[in-house]
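Enquirer: This is a predicted model, with the sequence first.
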Amino acid sequence: MFIRKTRTATSNGQQEGIAMPNVHRRTFLKYAGMGTAILSAGAALNSCSKDNTDGSGVSLGSGDTSVLNYAYALEQLEAAFYIQVIATPYAGMSTAEGIILTDIRNHEIAHREFFKAALGANAIASLEVNFTSIDFTSRDKVLATAMAFEDLGVSAYNGAGQYITLPAYLGFAGKIVSVEARHAAVIRDLITAGSFADSTAVDAQGLDKARSPLDVFGIASTYIKTQINVNTLPH
């Protein structure tokens with residue numbers, strides 16, 4: 001049974017009156033500083049036009065800007081999901097599970113804030129998400145969705161890395177995707193002990209899967225209400 005609270009949210013931390021969790025201020029300053037350092041080192045992003053090529057949806061910009069806004073959109077989605085998970089714990093959530101999911105929430109918020117700071121004025125606005133299809137009272141449904149989101153995030157970074165031209169951004173994307181993979185592993189282990197890197201995540205060559213930005217948005221669009229113009233995404 002779905003909990004009564006509406007799952008429609010914006011990923012800036014507000015969700016039907018639920019305030020953004022009190023994540024330690026130094027975490028935000030750390031990631032904001034990383035983004036500022038990249039920009040001040042001469043890693044200026046391509047100009048991000050707010051006008052859409054076809055007049056519909058939010059423009060992600062072009063070049064590295066489009067790839068970073070793509071990652072920023074996904075981090076907004078993940079952060080909003082885990083904010084809801086912790087705000088309305090599923091039935092029977094253990095103390096250990098609560099600690100793990102809170103840590104993941106904080107990581108996703110930090111990732112979101114990193115991209116927001118790195119993009120600066122080129123960042124897209126906060127997206128509106130819709131989680132009405134998720135039963136947040138069910139452990140099975142929450143963990144299955146968490147695993148799907150984490151796997152999607154890993155495959156998104158793996159697929160988009162080839163389109164990043166600035167080495168500094170590629171380096172930070174590599175650091176973030178490794179954290180997302182740790183999330184995917186621990187969520188799998190919560191679902192089935194010992195399955196942290198099974199064949200549904202890693203292929204026969206021991207490699208994580210990769211998806212194109214268009215494929216990723218095709219999946220993520222189920223939960224993103226804001227219309228996004230994907231015309232400028234590399235593919």
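Expert: On my side now, so go ahead. Residues are numbered from 1 along each chain as shown.
Enquirer: quick one: contacts for the residue positioned nearest the centre of the chain?
Expert: Residue closest to the average C-alpha location in the chain (CA atoms, centre = their mean): Glu75, at 2.2 Å. By CB atoms under 8 Å, 6 or more residues apart in numbering, the contact list for Glu75 reads 108, 111-112, 115. All C-beta spots, glycine's among them, are computed from the backbone N, C-alpha and C.
Enquirer: so how far is Lys116 from it?
Expert: 9 Å (CB to CB, to the nearest Å).
Enquirer: Now the common contact residues for the two.
Expert: Joint contacts of Glu75 and Lys116 (CB under 8 Å, 6+ apart) do not exist.
Enquirer: which parts of stretch 218-234 are buried?
Expert: Across stretch 218-234, burial judged by 16 or more other CB atoms under 10 Å covers 220, 223-224, 226, 228-230, 232-234.
Enquirer: now swap in stretch 96-114 and tell me
Expert: Neighbour counts using 16+ other CB under 10 Å place 97, 100-101, 104-114 of stretch 96-114 among the buried residues.
Enquirer: C-alpha coordinates for it, PDB please?
Expert: C-alpha atoms of stretch 96-114 as PDB (Å, rounded to 0.1, in the frame of the first residue of the first chain):
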ATOM      1  CA  ALA A  96      22.100  -0.700   9.800                       C
ATOM      2  CA  GLU A  97      20.000  -0.200   6.700                       C
ATOM      3  CA  GLY A  98      19.100   3.300   7.900                       C
ATOM      4  CA  ILE A  99      22.700   4.200   8.300                       C
ATOM      5  CA  ILE A 100      23.700   2.800   4.800                       C
ATOM      6  CA  LEU A 101      20.800   4.600   3.100                       C
ATOM      7  CA  THR A 102      21.500   7.800   4.900                       C
ATOM      8  CA  ASP A 103      25.100   7.700   3.800                       C
ATOM      9  CA  ILE A 104      24.000   7.100   0.200                       C
ATOM     10  CA  ARG A 105      21.600  10.000   0.500                       C
ATOM     11  CA  ASN A 106      24.300  12.300   1.700                       C
ATOM     12  CA  HIS A 107      26.700  11.100  -1.200                       C
ATOM     13  CA  GLU A 108      24.000  11.800  -3.800                       C
ATOM     14  CA  ILE A 109      23.300  15.300  -2.400                       C
ATOM     15  CA  ALA A 110      27.000  16.000  -2.400                       C
ATOM     16  CA  HIS A 111      27.300  14.900  -6.000                       C
ATOM     17  CA  ARG A 112      24.300  17.000  -7.000                       C
ATOM     18  CA  GLU A 113      25.900  20.100  -5.300                       C
ATOM     19  CA  PHE A 114      29.200  19.400  -7.000                       C
END
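Enquirer: lowest-confidence helix or strand of this structure?
Expert: Lowest on mean pLDDT, DSSP states H and E among the helices and strands of the chain sits helix 25-40, with a mean of 40.
Enquirer: which neighbours does the helix or strand following that one have in its sheet, and in what orientation?
Expert: Proceeding N to C from helix 25-40, the next assigned helix or strand is strand 58-59, under DSSP states H and E. Using DSSP bridges, strand 58-59 pairs in its sheet with strand 228-229 (parallel).
Enquirer: Relative to the whole chain's centre, how far out is the strand it pairs with?
Expert: How far strand 228-229 lies from its chain's middle: 17 Å, per CA atoms, centre = their mean, to the nearest Å.
Enquirer: do the same with stretch 82-102
Expert: On CA atoms, centre = their mean, the centre of stretch 82-102 falls 18 Å from that of its chain.
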